[in-house]
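S.K.: model the structure of this input:
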Amino acid sequence: MATYKKRGYKPSNKKDRDNSAEEESTTAEVFNSLDEGAGKFETWVAENQKYIYVILGIAVVAVIGYIGYTRFIHAPKQQEAANEMAKAESYMASALRATGAQSDSLYNLALNGGEGKYGFLDIIDNYGGTDAANLAHYNAGFAYLRTGKYKEAIDQLEDFSSDDEIMGPLATGGIGDAFLQLEQPEEALGYYEKAANMASNSFTTPRFLLKAAITALQLNQNDKAEEYLTRIEDEYPDSPEAEKVPVYLGQANS
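M.R.: Numbering: from 1, shown residues only. Model (predicted):
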C-alpha cells in the first residue's frame, strides 16, 4: 500500500531522522550538480561568445538573404521571363495551326526567336530556374518533335518537370513518340507505359494506353497489348481511343 508523508511531518525516531538527513544530502548533491553544470555551460558560453554570435549572424543573414532574393530578384525574374516568352508562345500557337514549310518556319521562330524577341531556347538560357524556363523546355521539346529533331526533343522534354496531370503525361508520352520515330520501340513502350500511369484521366490515360498497346503489338507482346486495350474498354469506354480497341484487340488475339 502506498504511503506518503503529511505536511509538517517530523521524524519521530533516530532511523527516520537519519533517512531524512540522507534525503536532504542527496537533494543537495543533485542541486549542487545542476549548479555546477549550469556554471560550466555559462563559462562555455562566455568563452565562445564570439563564435556563437558569428553562427547566429550567418543564420540571420541567410534567412534575410533568402527572403530578399525571393522578393526582389526571383519574383521579378519570373515575371520578366513570362513577358519575354509571350512572342515565342504566339509563334508556337501559329505553328500548330499551319502546315508544311510554314509550320516548320514558325516552330523555328518559336525556338530561336524573331522580331527582336526571345525564343524558347533563349528563355532557357537566360532565365534558368524560373517557371517560364521550365515551360520553355516543354514547348521546345514539342517544337523539336514536330520538326523531326527527335534527339533534341528528348533532351528538352526530359528537362521539363511538372505535377500537372495533363502536361506531365504529355511530356513523358512525347519522349515515347520521339523514341518511336528513332526506331527504338522498346524505349518508346516504356515511356508510353509511364505516361499512362502518371495520372488517371479520360484524356491522357487512354491516349497512352492505346499507344502502348500498338507498340506492344509491334514488339509481338500481345498479352501486354491485350491488357492495355482491355483497360481502355473497361475504364474509358467513352473515350475516342475506345472506338479503336476492337481492331487492335483482334490483332492481339490472333
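S.K.: for stretch 159-171, which residues meet the burial criterion?
M.R.: Neighbour counts over stretch 159-171 (16 or more other CB atoms under 10 Å) mark 159-160, 162, 167-171 as buried. (Glycine included, C-beta is placed from N, CA and C.)
S.K.: okay, those residues in a markdown table with distance to A133 next?
M.R.: A markdown table is the format used below for those (distance: CB to CB, whole Å):
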| residue | distance to A133 |
| --- | --- |
| D159 | 9 |
| F160 | 10 |
| S162 | 13 |
| M167 | 15 |
| G168 | 17 |
| P169 | 21 |
| L170 | 18 |
| A171 | 15 |
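S.K.: what are the ranges of the helices in the stretch 101-250 of the chain?
M.R.: Ranges of helices within the stretch 101-250 of the chain are 120-126, 131-146, 150-159, 167-181, 185-198, 204-218, 222-235, 245-253, based on DSSP state H, counting those that start in this stretch.
S.K.: how about those helices, which one is nearest G114?
M.R.: helix 120-126 (10.8 Å; CB to CB).
S.K.: wait, which of the buried residues of stretch 159-171 is closest to L219?
M.R.: P169 (21.2 Å).
S.K.: residues contacting the closest one?
M.R.: Counting by CB atoms under 8 Å, 6 or more residues apart in numbering, P169 touches 195-196, 198-199, 204-205, 208.
S.K.: look up how far P240 lies from it.
M.R.: The spacing between P169 and P240, counted by CB to CB, to the nearest Å, is 16 Å.
S.K.: cool, and A140?
M.R.: For A140, the distance to P240 equals 28 Å [CB to CB].
S.K.: more neighbours, these two?
M.R.: Comparing A140 with P240 by other CB atoms under 10 Å, the one with more neighbours is A140, at 29 against 12.
S.K.: residues in contact with that one?
M.R.: Per CB under 8 Å, 6+ apart, neighbours of A140: 110-111, 120-121, 124, 152, 156.
S.K.: for G113, see how far away it is.
M.R.: For A140, the distance to G113 (CB to CB) stands at 12 Å.
S.K.: need the overlap of contacts for those two.
M.R.: L121.
S.K.: for the nearest residue to P240 once chain neighbours are set aside, give me its contacts.
M.R.: Take P240 and drop its neighbours on the chain: the residue closest to it by CB to CB, 6 or more residues apart in numbering is P206, 7.8 Å away. Contact analysis of P206 by CB under 8 Å, 6+ apart lists 232, 235-236, 239-242.
S.K.: nearest to D104, of the residues you listed?
M.R.: P240 (27.5 Å).
S.K.: pull up the gap between the closest one and L135, please.
M.R.: For P240, the distance to L135 equals 27 Å [CB to CB].
S.K.: contacts only, for F208.
M.R.: For F208, the contact set (CB under 8 Å, 6+ apart) comprises 169, 173, 176, 192-193, 195-196.
S.K.: could I get the pLDDT score of A59?
M.R.: For A59, the pLDDT comes out at 56.
S.K.: could you report the neighbour count for the closest residue in space to Q181 that isn't next to it in sequence?
M.R.: Closest residue to Q181 apart from its sequence neighbours, by CB to CB, 6+ apart: Y150 at 4.9 Å. Neighbourhood size, Y150 [other CB under 10 Å]: 19.
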